[in-house]
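Visitor: generate a structure from the sequence data that follows.
(one chain, ligands or ions: 1)
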Amino acid sequence: MFESLSKGFESAALRLRNQGKFTLENLKEPLDSIQRTLLDADVHLDVIRKFTQDVQEKSLGAKVLLKAQGKSVTLSDHFIKICHDALIEILTASKTTDHFLKGLTQKSNSPHIIFFVGLQGAGKTTHVGKLAFLLKTKNLKVGLIAADTQRPAAKEQLKLLGEQVKAPVFTTESSDAYSIVKEGISHFSDQDVILVDTAGRLTVDSVLMNELVTLNQKFSPENILLVMDGMIGQDSLTTALAFQEKLPLTGTILTKLDGDTRGGAALSLSYMTQLPIFFIGTGEKLNLLETFRAEGMASRILGMGDVLSLMDDFEKAIDSKTEKNLENIQKGHFTFSDYENMMQTLFKMGPLQGLLSKMPFKLPQLPAGIDEKTLKKKVHMIQSMTKYEKNHPDSFKGPQALSRMQRIAKGSGNPLNAVQDLIQEFFKMKQMLPLMSGMSAMGGGMPGMKPPSSEQEKPALFGASVKLEELKKMASMGKAMKGSLSASQIAEVNRELKRKKQEKAKKRK
Ligand code: GDP
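Guide: Reported below is the predicted structural model:
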């Protein structure tokens, strides 16, 4: 995500590497270079102007301490920190996703009605499904109304999504959006939240707008969310402004940020519409909906990862089986079942490339052997083991080891040496576990990766015994490595950990 933006910021900052303090002269080149980067990313000119002015003012006014607490800070680091703050300012809206979600839990004015609007293909139907999925995990009763009368497949698509998330879907044979929504709302009067999938068009046109304006006037939904395709750059802003002119939008969902996005849309949308971005879509699957946080987005734009979002992914993927598995690993009882579970948890967390962009350190590509295909092969080999073999790894050390391996190779359709490699790698990992527990959150527990030999070495992705508290360590290690994880980022991790702890304690009561 946002690779070219990150690279642009980095190379701009590097131009200040050997400078002692900010001056108008030495800021000129980096700021010009950032302007070009933002232009390439399709960021609106007004946003670019505001951003570069901000960064220039903040830099010239900054007191730069090149040595703080015994550590040296380069002017480049300081510049990145200033860019980070300026990006946060642009991306911060008056209402956060937490406010939005909290509003939906207020029983007094339920059912809360939410309209999804946007162009055809932006991802409305998909994101009705994703939001329903999220709301169901919060124990809310959610009803879906299929009022996209333009796209013939939308109704069936929504029915399917409804089945997957176990939310009722209201459909009729009518092609009149007004009567569908009217009947749907009375049908769902006992629900907490009603999500309405409205029709899009290929471009903004008056027929579409008139339909939406009428629906809004008749039903006054509490929220109208604009769903925007994050890959379409400048055009997305023109579209957003056209919708905003006619409808009292309350927020946006930016979709397809998993794709080849240049990242400009988020900045332009936030600043030019002043609408909060509540969520970002990072894939087609139902669980690939992320809460938008200005801080996290700013960090990702700068290539600094997003620890909090990583934490969310982990929490979503973890179940009691995984918890047990982590406990086992911490105790040193590491089996092939644990190893398999670790890899399955990883798959549940979403596409590996997406996880990579959230790491607080730079790893531009997945290391060799850490790709979905290779990991799936390993899972297949483990699945070809007997239950006994899975739980007694030492069975691969005895006299029958070779025949066992030959059977697994045949059963999983892999060459014998692939099975031998897997088993060797497993025992190496098992040996390393006690060593890893000291730095477990990011330690070498990542399937197939060698653990780091020292803190300076680049760490493996994440590991065997991840505990939420340990993400703190992860954040500060990230800082040590990258030198630029901001204090505000760490403070936010700490705040989030505290909040989660309190939430857990409350649940226990
Ligand atoms: P609608 O016409 O606005 O309802 O759009 P759809 O929900 O049908 O989505 C259009 C296409 O985009 C479908 O193929 C979706 O699977 C895909 N899509 C939606 N959201 C995302 C996303 O966040 N990432 C990716 N990669 N694809 C998405």
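
Visitor: residue of the stretch 301-450 of the chain closest to the ligand, please.
Guide: Ranking the residues of the stretch 301-450 of the chain by distance to the ligand (Cβ to the nearest ligand atom) places Pro351 first, at 9.5 Å. (Glycine included, C-beta is placed from N, CA and C.)

Visitor: any idea of the pLDDT on the residue nearest to that residue when sequence neighbours are not counted?
Guide: Distance criterion Cβ to Cβ, 6 or more residues apart in numbering; nearest residue to Pro351, sequence neighbours excluded, is Gly283 at 6.3 Å. Gly283 is assigned 90 on the pLDDT scale.

Visitor: just to revisit the earlier point, quick one, what contacts the residue of the stretch 301-450 of the chain closest to the ligand?
Guide: Residues near Pro351 by Cβ atoms under 8 Å, 6 or more residues apart in numbering: 258, 282-283, 372.

Visitor: can you name the two of those residues that are farthest apart?
Guide: Thr282 and Glu372 (15.4 Å; Cβ to Cβ).

Visitor: from Lys378, how far out is Met429?
Guide: Met429 is 12 Å from Lys378, where distance means Cβ to Cβ, to the nearest Å.

Visitor: cool, Asp205 as well?
Guide: Taken as Cβ to Cβ, the span from Asp205 to Lys378 is 52 Å.

Visitor: between these two, which one's more packed in?
Guide: Lys378 (24 against 10; other Cβ atoms under 10 Å).

Visitor: and the protein, which residues reach the ligand?
Guide: 118, 120-126, 151, 154, 200, 255-256, 258-259, 281-284 (Cβ under 6 Å from any ligand atom).

Visitor: could you redo the last one with a cut-off of 5 Å?
Guide: Neighbours of the ligand within the chain, by Cβ under 5 Å from any ligand atom: 120-126, 255-256, 258, 281, 283-284.

Visitor: could you pick out which of those residues are located in helices?
Guide: The helices, defined by DSSP state H, take in 124-126 from these.

Visitor: what about the helices in the stretch 301-450 of the chain?
Guide: With DSSP state H, counting those that start in this stretch as the criterion, the stretch 301-450 of the chain has helices at 307-317, 320-331, 336-348, 352-356, 372-383, 387-391, 401-412, 416-436.

Visitor: okay, now Lys141: neighbour count?
Guide: With other Cβ under 10 Å as criterion, Lys141 counts 16.

Visitor: what's the answer for Leu158, then?
Guide: Residues lying near Leu158 (other Cβ under 10 Å) number 27.

Visitor: what residue is smack in the middle of this protein?
Guide: The centroid of the chain falls nearest to Glu290 when counting by Cα atoms, centre = their mean (4.7 Å).

Visitor: for Glu10, see how far away Val165 is.
Guide: From Val165 over to Glu10 (counting by Cβ to Cβ), the distance is 40 Å.

Visitor: quick one, which of the two is more surrounded?
Guide: More crowded of Val165 and Glu10, by other Cβ under 10 Å: Val165, with 20 against 16.

Visitor: how near is the more buried one to the ligand?
Guide: Per Cβ to the nearest ligand atom, to the nearest Å, Val165 is found 14 Å from the ligand.

Visitor: ok, that residue touching Val128?
Guide: No: look at Val165 against Val128 with Cβ atoms under 8 Å: they stay out of range, at 9.7 Å.

Visitor: most neighbours of all the ones in helices among the residues of the chain next to the ligand, which one?
Guide: Among these, Lys124 has the most neighbours (other Cβ under 10 Å), with 29 neighbours.

Visitor: and the pLDDT for it?
Guide: pLDDT for Lys124: 95.

Visitor: spit out the contact partners of it.
Guide: Contact analysis of Lys124 by Cβ under 8 Å, 6+ apart lists 116-118, 148, 197-198, 200, 227.

Visitor: check this structure for the residue nearest the ligand and tell me.
Guide: Counting by Cβ to the nearest ligand atom, the chain gets nearest the ligand through Gly281, at 2.8 Å.

Visitor: identify the residue nearest that residue in space, chain neighbours excluded?
Guide: Thr255 (3.7 Å).

Visitor: for that neighbour, what are its contacts?
Guide: Counting by Cβ under 8 Å, 6+ apart, Thr255 touches 122-123, 126-127, 227-230, 280-281.

Visitor: rerun that using 7 Å as the cut-off
Guide: Counting by Cβ atoms under 7 Å, 6 or more residues apart in numbering, Thr255 makes contact with 122-123, 127, 227-230, 281.

Visitor: got it, and Gln234?
Guide: Gln234 sits next to 42, 44 when contact means Cβ under 7 Å, 6+ apart.

Visitor: can you rerun that using 6 Å?
Guide: Counting by Cβ atoms under 6 Å, 6 or more residues apart in numbering, Gln234 makes contact with Asp42.

Visitor: just want to check the distance between Lys250 and Gln19.
Guide: You called it Lys, but residue 250 is Thr. Taken as Cβ to Cβ, the span from Thr250 to Gln19 is 45 Å.

Visitor: which of the contacts of Thr255 sits closest to Gly263?
Guide: Closest to Gly263, out of all of the contacts of Thr255 and judged by Cβ to Cβ, is Gly230, at 8.1 Å.

Visitor: from what I see, the closest one and Asp258 are in contact.
Guide: No: at 9.1 Å, Gly230 does not count as touching Asp258 under the criterion of Cβ atoms under 6 Å.

Visitor: show me which of the two is the more surrounded one.
Guide: Shown here are Gly230 and Asp258; by other Cβ under 10 Å, Gly230 has more neighbours (27 against 20).
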